[in-house]
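In: Mind looking at a prediction? Sequence and model below.
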Amino acid sequence: MREAFSNALVRLAIADSKVLLLTGDHGYSLFDEFRKSCPDQYINVGIAEQNMVGMAAGLARVGFRPFVYGLAAFIPIRTVEQIKLDIAHDDLPVVLLGDGAGFVYSHLGTSHQSTEDIACTRAIPRLQVLSPADRFEMTAAMDYAYATVGPVYLRMGKADLGDVHTEPIHSLQPGRLLKIRDGRCDRPGLISTGSMLRAALDIAISLDLMLWSAPMLKPLDVDDVRAAVQATNGLVTLEEHSMLGGLGAAISEITSEHQPTRVLRIGVPDRFSEHCGTHAYLLREHGLDIDSVRDRVGAFCQMLASNSIALA
Amino acid sequence: MTSAISESSITPFDPARMRRTVLEMAYAGSTVHIACAFSIIELLTVLYRHHLRYPGNDPRAEGRDYLVLSKGHGVMAQYACMHELGWLEDSHIQNYFKDGTDLKGLSDSRVAGLEVTSGSLGHGFSVGVGIALGLKRKGTDQKVFAIVGDGELNEGPIWEGALVAAHHRLNNLMLIVDKNGFQAMGTTDDVLALGDLQAKFSSFGFETLEVDGHDEAAIDAAIRQLWDTCPTKPKALLARTVKGKGVSFMEAVNLWHYTRLDPQSFAEAVRELGFTAVSK
């Protein structure tokens, strides 16, 4: 997935000399190919993210297409105000790349973890929010971000979990869900994004659930969400992000207004990580390991089934 | 379109007339930050009169120079210049802060002529650094002037941007510090002492000059000298100014960061500027 990211960035930069990569002294090996292929378009502006985002706004103002790279804990979180005021307010074509979102830096602690970035960016007007799940979604997301010619936040989470899609995605459409698998209509449908999509697929297979990927969290297509509700008897959302303000919130905002249904939101509880450990360990700490999630989804299936029996 | 300089008998960007424009706006809108605008009037006079290039008098001309007002609180002074240029009409001045109008109390780049959205401090300079870097990459001779307040120098991104400007040898960038010695809650010395700014910016790699920020000839000479010397460095012009300059009861009285005009203080201020008739 990271290779797909690098390949897309190099391809876009070779095709358009206005594409610039700005980094706050992060991404050493990730940008080997970029630095080799497009050395003049690579700018390491130092460990100064706030200035970097402001600079990107200035570069965009005079016709460049900056891609601003940092860890999600810094881009966007440290620089939310610069993103809001310098970039989004003025509708500038800057792509913000937040790497290591969620618990990728599990051993390093809260400073490098990011479970609030979707919530913060979704509320900024004009800013679109992408969250690709595998290498195919990543390639499509990078192309979408470049073609948007406006402010985009692209969230990159745990990237070595393997593919979900089986072939390249032709192109992302604004806010559209991608159907991953069919399943039983008398059970809840599953919608996931980013790093949790792989686990979502395993759970969907084991419980025979419909599954959609949400590679884009803003905008989010109302009709696609309504269709998912109509095709199932409830929804489960699954994300490596706070339960507050992320995918679950975005889906619930739509269902509550347009197509009411029961929604089980599974994400990071409203708390910081307490302990050190592997990525898998931290997912367990937050109840996001596959066994815990499958148990919760299974219980939700039973609850919906018994409700429908009671209603009948 | 009405504009002051379309009347051929008058000198464009006359400081007293621009201060009167600021007073008229502030009075019409019952708003604050008058003193913040008054300290940069002569700086803007010199920049607009002698330095800033706007091909076709177009505020959005692609080949223009960039005036980045990082201290957005001084925006009424820039509105006064835009009025002189004919970019704003008399009605813009008279209807300041009326419901549904476009001119805000802080710089908003959606207004043609304002380059950045600022007021949250420490933003505009970084944007200016990016603009300067972009213009250099394009190989143009366009220049970027970024006006920051001395209080604004409390903000960290200013110093991040200063490092970058020197590192990338942005010799098309001039930082202008409005050194009026005050910030919102007191003097800069009392709130957060800035020390020797000339030494600081020189050590950051800027070609630096200090000047009386109300002496038009001295400002003009200093700007020319900065552009002409040390071609590899970004420039810093430290302008010693008086907050509230031009109206005796506002000068160096920090209350005029916040105070609104009443009919009496408005009339008195206009009279001090040498105008008898109050246009309304």
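Out: Sure, I can see it.
In: Please count neighbours and contacts with C-alpha atoms only from this point.
Out: OK.
In: residues touching the residue in the stretch 151-280 of chain B that chain A sits nearest to, list them.
Out: Chain A sits closest to residue B:157 of the stretch 151-280 of chain B, with a gap of 5.3 Å, by CA to the nearest CA. With contact set as CA atoms under 8 Å, 6 or more residues apart in numbering or on different chains, residue B:157 has these partners: A:48, A:50-51, B:122-123, B:126.
In: Quick check: phi and psi at residue A:37.
Out: phi -80, psi -40 (degrees, to the nearest 10).
In: Chain A contacts on the stretch 1-150 of chain B?
Out: B:109-110, B:116-118, B:123-124, B:126-135 (CA under 8 Å from any CA of the partner chain).
In: again, only using 7 Å
Out: B:117, B:123, B:126-131, B:134-135 (CA under 7 Å from any CA of the partner chain).
In: Which of the residues you listed has the largest number of neighbours?
Out: Within the residues of the stretch 1-150 of chain B next to chain A, neighbour counts (other CA atoms under 10 Å in any protein chain shown) peak at residue B:129, which reaches 35 neighbours.
In: A helix includes that residue, no?
Out: Yes - applying DSSP: H, G, I helix; E, B strand; the rest coil, one finds residue B:129 inside a helix.
In: All the helices of chain A, residue numbers only.
Out: A:2-15, A:32-37, A:49-61, A:80-82, A:117-122, A:135-148, A:197-207, A:222-231, A:247-258, A:279-285, A:290-311 (DSSP state H).
In: Contacts for the shortest one next, please.
Out: I take that to be helix A:80-82. A:50, A:53-54 (CA atoms under 7 Å, 6 or more residues apart in numbering or on different chains).
In: Run through the residues that contact residue B:203.
Out: With CA under 7 Å, 6+ apart, residue B:203 has no contacts at all.
In: for it, phi and psi?
Out: The phi/psi pair for residue B:203 (degrees, to the nearest 10) is phi -70, psi -20.
In: To what extent is residue 250 buried, counted in neighbours?
Out: No chain in the question, so chain A it is. So residue A:250, with other CA under 10 Å, has 19 neighbours.
In: try chain B instead
Out: 20.
In: which residues touch it?
Out: With CA under 7 Å, 6+ apart, residue B:250 has these contacts: B:35, B:244, B:256.
In: Mind checking what secondary structure the second one has?
Out: Read that as residue B:244. Going by three-state DSSP: residue B:244 is coil.
In: If I look at it, what pLDDT would I see?
Out: With respect to pLDDT, residue B:244 scores 95.
In: separation between the nearest residue to it once chain neighbours are set aside and residue A:21?
Out: Residue nearest to residue B:244 in three dimensions, not counting chain neighbours: residue B:35, with 3.7 Å by CA to CA, 6 or more residues apart in numbering or on different chains. Residue B:35 is 41 Å from residue A:21, where distance means CA to CA, to the nearest Å.
In: Likewise for residue B:147?
Out: Relative to residue A:21, and taking CA to CA, residue B:147 is found at 28 Å.
In: same check, this time on residue A:27
Out: Taking CA to CA, one finds residue A:27 at 11 Å from residue A:21.
In: Who has more neighbours out of the two?
Out: residue A:21 (25 against 14).
In: which bits of the stretch 1-150 of chain A sit near chain B?
Out: A:45, A:48, A:50-51, A:54-59, A:61-62, A:85-86.
In: Tell me how many other residues crowd the closest residue to residue A:161 other than its chain neighbours.
Out: Excluding its sequence neighbours, the residue lying closest to residue A:161 (CA to CA, 6+ apart) is residue A:198, at 6.8 Å. Around residue A:198 there are 21 other residues, counting by other CA under 10 Å.
In: swap in residue B:247?
Out: Residue B:247 has 19 nearby residues by other CA under 10 Å.
In: Contacts only, for it.
Out: B:269, B:272-273.
In: which of those residues has the most neighbours?
Out: residue B:269 (21 neighbours).
In: Please report how far that one lies from residue B:36.
Out: Residue B:269 is 15 Å from residue B:36, by CA to CA.
In: and if you look at residue A:32?
Out: 48 Å.
In: okay, those two: which has more neighbours?
Out: For residue A:32 versus residue B:36, neighbours defined as other CA under 10 Å are more numerous around residue B:36 (30 against 12).
In: ok, whichever residue of the stretch 101-250 of chain A sits closest to chain B - contacts?
Out: Here the stretch 101-250 of chain A gets closest to chain B at one residue, residue A:126, 14.5 Å apart by CA to the nearest CA. The contact partners of residue A:126, by CA under 7 Å, 6+ apart, come to A:88, A:91, A:151.
In: could I get those residues as JSON lines with distance to residue A:232, pLDDT and neighbour count?
Out: Listed next are the contacts of residue A:126 as JSON lines, based on distance: CA to CA, whole Å; pLDDT from 0 to 100; neighbours: other CA atoms under 10 Å in any protein chain shown:
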{"residue": "A:88", "distance to residue A:232": "37", "pLDDT": "98", "neighbour count": "22"}
{"residue": "A:91", "distance to residue A:232": "38", "pLDDT": "96", "neighbour count": "20"}
{"residue": "A:151", "distance to residue A:232": "34", "pLDDT": "98", "neighbour count": "26"}
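In: Geometric centre of the chain: which residue is closest?
Out: If you meant another chain, say so; for now it's chain A. residue A:131 (2.2 Å; CA atoms, centre = their mean).
In: actually it's chain B I care about, not the one you picked
Out: Centre-nearest of chain B using CA atoms, centre = their mean is residue B:40, 5.0 Å out.
In: got a list of what that one touches?
Out: Residue B:40 neighbours (CA under 7 Å, 6+ apart): residue B:178.
In: Tell me the spacing between residue A:158 and residue A:195.
Out: In terms of CA to CA, residue A:158 sits 5 Å off from residue A:195.
In: Neighbour count: these two, which is higher?
Out: Using other CA under 10 Å as the criterion, residue A:158 and residue A:195 rank with residue A:195 on top: 26 against 21.
In: Deepest-packed of the helices of chain A, please.
Out: Ranked by average neighbour count under the criterion mean count of other CA atoms under 10 Å in any protein chain shown, those are headed by helix A:49-61 at a mean of 30.
In: helices and strands around that one, which ones?
Out: helix A:80-82, helix B:124-138, helix B:156-167 (3 or more CA pairs under 7 Å, 6 or more residues apart in numbering or on different chains; DSSP states H and E).
In: any weak-confidence spans in the chain?
Out: If you meant another chain, say so; for now it's chain A. Residues of chain A meeting the criterion pLDDT under 70: A:311-312.
In: Chain B, not that one
Out: For chain B, the ranges with pLDDT under 70 are B:1-9, B:277-280.
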